[in-house]
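Chemist: Got a sequence here, can you build the structure:
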Amino acid sequence: MGDSNIDRKPGYKTFRFLIFVAGCLAVQNATAAGFYLAEVGTPTSMGTGGVANPTNTYGADASWTNPAGMTGLNRDTLLTGVQVLVPKVEFDSSTATGGGRDGGNAGEVAVIPSFFYVKRLSHRWRAGFSVVAPQGGGVDYGDDFVGRYQTSKATLAAVGFSPSIAYQVSDRFSIGAGVSIIRTKFEQNIAINQGALLPGAPDGKLRIEDATDWGYQPFLGITYHLTKRALLGVVYRAEADVDLEGDVNFRNMVISKPRTKDVEISWDNPQWLEAGLRYELDQSNHLFLNVGWQEWSEFGKKNEIAFSDDAVATLDRQWDDTWHAGLAYSHLIDIDRRRGFSVGFSYESSPAKNEHRTFDLPVDEIYKLSASYFWEGSRHLDFSLGGTLYAVGDADIDLTSQGVRSAGKFENNYILFLGGTLRYEF
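Modeler: Just a heads-up that it's a prediction; the model follows:
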């Protein structure tokens, strides 16, 4: 069947609309996968579920978690580590009008390295540099997934390179600032329901590949000693624009293929504010409290996709602002040899109501449980091992994409972070 015959069919405009809808879903999926990772694979951070981040004055990871905390380091310090992310993402369908399978465990194992360095410039000044993966997520349900017309595979990865600086204003008060220069990459597969136009036709596939962008996100921090035992830390991260440019490919098409080859996808990563309190019960025991807010509602209003054939759409995903709170505890078993452990628990609200949830990141409210163990290997060398478990709520989904309805539940999903670090003081 030639393209010229199909172009004259009334159904061709409907097909163009299906392609356009599939493209709009790419924006929804990219941003839904763009969650922030509070843990950066260090004993202070991962071992407390991120609760100790704003009051971190111990490790070089303060260069990212709160730059003002770098003034607590009296030596040049290097910290490097790696996390392994092990997710369980399984969907149990109750309605699947387009047929297909539930997809099994769609979560993908990932390895996330990190690097932090703090340089003591003078008595009051510190400079830092960090390399972290502040965002990311990925699912692969397979081409025969019941929700394939919304997504069958999606991957978002971001790496941030962050210079920072800190100044100790007084013995009690320090300030810090930095900027994360972020490389973002997004890819996605979406099935095209060609059978809606030609009964019996197989699924086509839309693939967005190598959609990348360089962006930046400034951040500020303060630490203030309320008393000799109590430390307050506050961190603010600004809104960040993401403008991806990538390729669009179509596979297995039996209907006229659109001429578009390029795509631009844009959204704004939300601003967020976080505050923490560290209290020294005694020399060996510390208590941490943490609260935070992220403006996902504003983020959800600015999702835009533009194809090279001038098709443009803006999508409001109707997400809500989120908040989180946590409690953590750290104990030094041996003060002289700096050997001890930390544990933490935190809660994070869901940005998506059931009616707005998508298959790429089927997240509901999240409960985090963390623990780490750290010890001194030599005079200037420390090690740590730790883990954080994200227990995700029962996430219901009921979506109709390209005329096909998929409904069901993600039940007992989780993400397990396991990691280790090495710290060296010069």
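Chemist: Which strand runs longest in the chain?
Modeler: Across the chain, the longest stretch assigned as strand under DSSP state E is strand 204-225.
Chemist: buried set for that strand?
Modeler: 204-208, 211, 213, 215, 217, 219-225 (16 or more other Cβ atoms under 10 Å). Using the backbone N, CA and C atoms, a C-beta is placed for each residue, glycine as well.
Chemist: How about stretch 247-265?
Modeler: 248, 250, 253, 255-256, 258, 260, 263-265.
Chemist: on that earlier part again, nearest to Ser180 among the buried residues of strand 204-225?
Modeler: Proximity of the buried residues of strand 204-225 to Ser180 (Cβ to Cβ) peaks at Gln217, which lies at 4.6 Å.
Chemist: Spatially nearest residue to that closest one, not counting backbone neighbours?
Modeler: Ala240 (3.7 Å; Cβ to Cβ, 6 or more residues apart in numbering).
Chemist: Run through the residues that contact the one you found.
Modeler: Residues in contact with Ala240 (Cβ atoms under 8 Å, 6 or more residues apart in numbering) are 180, 182, 215-217, 268-269.
Chemist: Pull the number of nearby residues for Val111.
Modeler: 10 (other Cβ atoms under 10 Å).
Chemist: Isn't it up against Val86?
Modeler: No: the pair Val111 / Val86 is not scored as a contact, 10.4 Å apart, by Cβ atoms under 8 Å.
Chemist: so where's this protein uncertain?
Modeler: 1-44, 300, 302, 308-316, 335-337, 361 (pLDDT under 70).
Chemist: tell me the secondary structure for Gly147?
Modeler: Three-state call for Gly147 (DSSP: H, G, I helix; E, B strand; the rest coil): coil.
Chemist: Can you pull the phi and psi angles for it?
Modeler: phi -100, psi 30 (degrees, to the nearest 10).
Chemist: Glu298 now?
Modeler: Torsion angles, degrees, to the nearest 10, at Glu298: phi -70, psi -40.
Chemist: contacting residues for it?
Modeler: 239, 268, 270-271.
Chemist: before we move on, what about Lys153?
Modeler: So Lys153 contacts 139-141, 187-189 (Cβ under 8 Å, 6+ apart).
Chemist: quick revisit: state the phi and psi torsions of the residue nearest to Gln217.
Modeler: phi -130, psi 130.
Chemist: Repeat that for Glu295.
Modeler: Per degrees, to the nearest 10, the backbone of Glu295 is at phi -90, psi 70.
Chemist: Skipping its backbone neighbours, what lies nearest it in space?
Modeler: Going by Cβ to Cβ, 6+ apart, Glu295 has Pro270 as its nearest residue, at 4.1 Å.
Chemist: Now for that neighbour: which residues touch it?
Modeler: Pro270 touches 239, 294-296, 298-299, counting by Cβ under 8 Å, 6+ apart.
Chemist: any chance of those in TSV, plus distance to Phe341?
Modeler: Shown next, in TSV, are the contacts of Pro270 (distance: Cβ to Cβ, whole Å):
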residue	distance to Phe341
Glu239	37
Gln294	29
Glu295	35
Trp296	33
Glu298	39
Phe299	36
